[in-house]
Each structure stands twice: as C-alpha cells, then as structure tokens.
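Trainee: Just need the structure, nothing else, for what follows:
(one chain, ligands or ions: 1)
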Amino acid sequence: MDYIFLKTFTHYFLHFIFPVFIAWVFYRNQWKKAYLIMLATMLVDLDHLFADPIFDPDRSSVGFHFLHSYYAIAVYFLTLFFKGNIRIIGIGLLFHMLTDFQDFHLWNLLNHHEYSLCYFRHHRFFVFYRHL
Ligand SMILES: [Zn+2]
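Mentor: Numbering: from 1, shown residues only. Okay, here's the model as predicted:
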C-alpha cells in the first residue's frame, strides 16, 4: 500500500471510525449520542477558512489555526474536569487534535527527509524530531 493512501486512510479512520470505539468504551449506554457529539466537534475545522491557503499539506493544523492552537488545546483539556456533554465535546476535540497532529508529525517522521523541510518553513516546536 502506498504512503499517501495509508496516511489518508488513517486520518479518516481516526476522525470517523475510531470515535465509535471511544464512545463504546466510555459511554456504552449512550454511545450513539456520544459518537454524534464527537463527530460534531469536527466543526473546529471551520477555523481553516480563515487561513490562506485553506489547506496546505506542508503545514500542521495543530499549532497553526486558532481552534487548533496550543492555547485552545489547553482549554479543551480543562473540559475533562466537567461532566456530561461538555466532557464528551472535550474528548472529541482532544482526539481531533491528536488525529491532526499524527497526520502531520507522525507521517513526516516516517518520511524524514520531508520533515526537515516542513520544520523549517512552518514550525517552531519539536526540534528534537529532526535528530531521529
Ligand atoms: Zn482539524
């Protein structure tokens, strides 16, 4: 299987299918509702509309768009201290960030040569990755 296919498949799998398992494990008696709430957290991607270009494969969403910023992620983390729907939203958002994060960093790490280029152009964090 080729790299792009596997990367795309993983991305959509984590966005749409994996939350079913999260809902099933943590919210078994209301897993459908939990799953739908987590799907709805995909709305954070609307922040991409403020960027130009809207999508750039050489840019990590996490740490760039305002709803994907590290400050926003800190706020999402705080929702875990609440109960009910707010916590489900927080889990969805944090998992979304993890998905976007791996989509850029993990796959660039696997493709190390590209990673260095991306690092120089768009990123201030995770310098240590460059030495792996
Ligand atoms: Zn996103």
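Trainee: From now on I want contacts and neighbour counts done on CA atoms only, so please keep to that.
Mentor: Will do.
Trainee: pull the longest helix from this structure.
Mentor: helix 85-101 (DSSP state H).
Trainee: name the helices or strands packed onto that helix?
Mentor: With contacts defined as 3 or more C-alpha pairs under 8 Å, 6 or more residues apart in numbering; DSSP states H and E, helix 85-101 has these neighbours: helix 31-40, helix 70-78.
Trainee: let's see 10 Å
Mentor: helix 3-12, helix 18-26, helix 31-40, helix 70-78 (3 or more C-alpha pairs under 10 Å, 6 or more residues apart in numbering; DSSP states H and E).
Trainee: Turn those into a markdown table, columns for mean neighbour count and mean pLDDT.
Mentor: Listed next are the helices and strands packed on helix 85-101 as a markdown table, based on neighbours: other C-alpha atoms under 10 Å; pLDDT from 0 to 100:
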| stretch | mean neighbour count | mean pLDDT |
| --- | --- | --- |
| helix 3-12 | 13 | 85 |
| helix 18-26 | 17 | 96 |
| helix 31-40 | 19 | 97 |
| helix 70-78 | 15 | 97 |
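Trainee: related to what we said a few turns ago, tell me the mean pLDDT over the longest helix of the chain?
Mentor: Across helix 85-101, pLDDT averages out at 96.
Trainee: Moving C-terminal from it, which element do we reach first?
Mentor: Per DSSP states H and E, the first helix or strand lying C-terminal to helix 85-101 is helix 107-110.
Trainee: wait, which of the helices and strands packed on helix 85-101 is closest to Phe104?
Mentor: helix 3-12 (9.3 Å; C-alpha to C-alpha).
Trainee: Only the C-alpha atoms, please, for the closest one, written as PDB.
Mentor: The C-alpha coordinates for helix 3-12 follow below in PDB (Å, rounded to 0.1, in the frame of the first residue of the first chain):
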ATOM      1  CA  TYR A   3       2.200   6.100   1.700                       C
ATOM      2  CA  ILE A   4      -0.500   8.700   0.700                       C
ATOM      3  CA  PHE A   5      -3.200   6.100   0.700                       C
ATOM      4  CA  LEU A   6      -2.200   4.800   4.100                       C
ATOM      5  CA  LYS A   7      -1.900   8.300   5.500                       C
ATOM      6  CA  THR A   8      -5.300   9.400   4.200                       C
ATOM      7  CA  PHE A   9      -6.900   6.200   5.300                       C
ATOM      8  CA  THR A  10      -5.500   6.600   8.900                       C
ATOM      9  CA  HIS A  11      -6.700  10.200   9.000                       C
ATOM     10  CA  TYR A  12     -10.300   9.500   8.100                       C
END
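Trainee: No more questions from me, cheers.
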